[in-house]
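Enquirer: Just to be clear, the model below is a prediction. Sequence and coordinates:
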Amino acid sequence: MARYTGPKSKIARKFGEAIFGDDKAFEKKSYPPGQHGNNRRRGKKSEYAIQLMEKQKAKYTYGILEKQFRNLFDKANRSKGVTGEVLLQLCESRLDNVVYRMGVSPTRSGARQLVSHRHITVNGGIVNIPSYSLKPGDVVAIREKSKSVQAINDSLANNSSVYEWITWNSEKREGTYVAIPERMQIPENIKEQLIVELYSK
């Protein structure tokens, strides 16, 4: 599957935010990447450049490729509600994102790998499609055979995040996608209106 596998610190520095989580390299070099770093004179960015940057940031944050992201936008555009908000809600309802939010993996790319390697079940059945879209009430659990995987146990032990739209039962090692999150509940720093403006051109 085609996906970005290059240096993540460089991407985080490009956007000026630690979009992939805590990163020591980003903390040391919080200026943009490139030979001249801070010293390069950057002219004022065009409106298009700002919109494009926001779309790229959203794509890298959720680990979604261009075609998938465009399809999500088209789906959001057809639905009732605010397009940008619905777009983020669709990103949040992806199985790999919910596995990450539940703390089963410390990163979204790790969560995607757990799903692909058949460690995760939805409503009792194994689902190995990271982009699988969850509905409110769906129960996401760690497969019985996978409950002893050290990486999963370490991640759960270190997880302290709590989200109002997700519940987690640590004894059963399962969680419920309770509801579609409201925009104010989604912590990602993404200006979704800029993405809508870009695609609407």
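Expert: Good, I have the coordinates. Nothing here was measured: the structure is a model prediction, and the numbers come from that model.
Enquirer: Past the lowest-mean-pLDDT helix or strand in the chain, which element shows up next along the chain?
Expert: Of all helical and strand segments in the chain, the minimum by mean pLDDT, DSSP states H and E falls on helix 24-28, at a mean of 59. The helix or strand immediately downstream of helix 24-28 is helix 47-62, counting by DSSP states H and E.
Enquirer: helices and strands around the next helix-or-strand element following that following helix, which ones?
Expert: Going down the chain from helix 47-62, the next helix or strand is helix 66-78, by DSSP H and E. Secondary-structure packing of helix 66-78 (3 or more CB pairs under 8 Å, 6 or more residues apart in numbering; DSSP states H and E): helix 47-62, helix 83-92, helix 192-199. C-betas here are computed from N, CA, C, even on glycine.
Enquirer: pLDDT on helix 66-78, on average?
Expert: The average pLDDT within helix 66-78 is 95.
Enquirer: contact partners of it?
Expert: Contact partners of helix 66-78, identified using CB atoms under 8 Å, 6 or more residues apart in numbering, comprise 55, 58-59, 64, 83-84, 86-87, 90-91, 131, 195-196, 199.
Enquirer: Could I get those residues in a markdown table, plus columns for distance to residue 120 and neighbour count?
Expert: Compiled in a markdown table, the contacts of helix 66-78 are given as follows (distance: CB to CB, whole Å; neighbours: other CB atoms under 10 Å):
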| residue | distance to residue 120 | neighbour count |
| --- | --- | --- |
| 55 | 28 | 21 |
| 58 | 24 | 24 |
| 59 | 23 | 18 |
| 64 | 18 | 23 |
| 83 | 30 | 19 |
| 84 | 29 | 22 |
| 86 | 25 | 22 |
| 87 | 24 | 24 |
| 90 | 19 | 22 |
| 91 | 18 | 24 |
| 131 | 13 | 19 |
| 195 | 28 | 25 |
| 196 | 31 | 21 |
| 199 | 31 | 18 |
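Enquirer: mind putting those residues in CSV, distance to residue 113 included?
Expert: As requested, the contacts of helix 66-78 are exported to CSV (distance: CB to CB, whole Å):
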residue, distance to residue 113
55, 25
58, 21
59, 18
64, 15
83, 31
84, 29
86, 27
87, 25
90, 21
91, 18
131, 14
195, 27
196, 31
199, 29
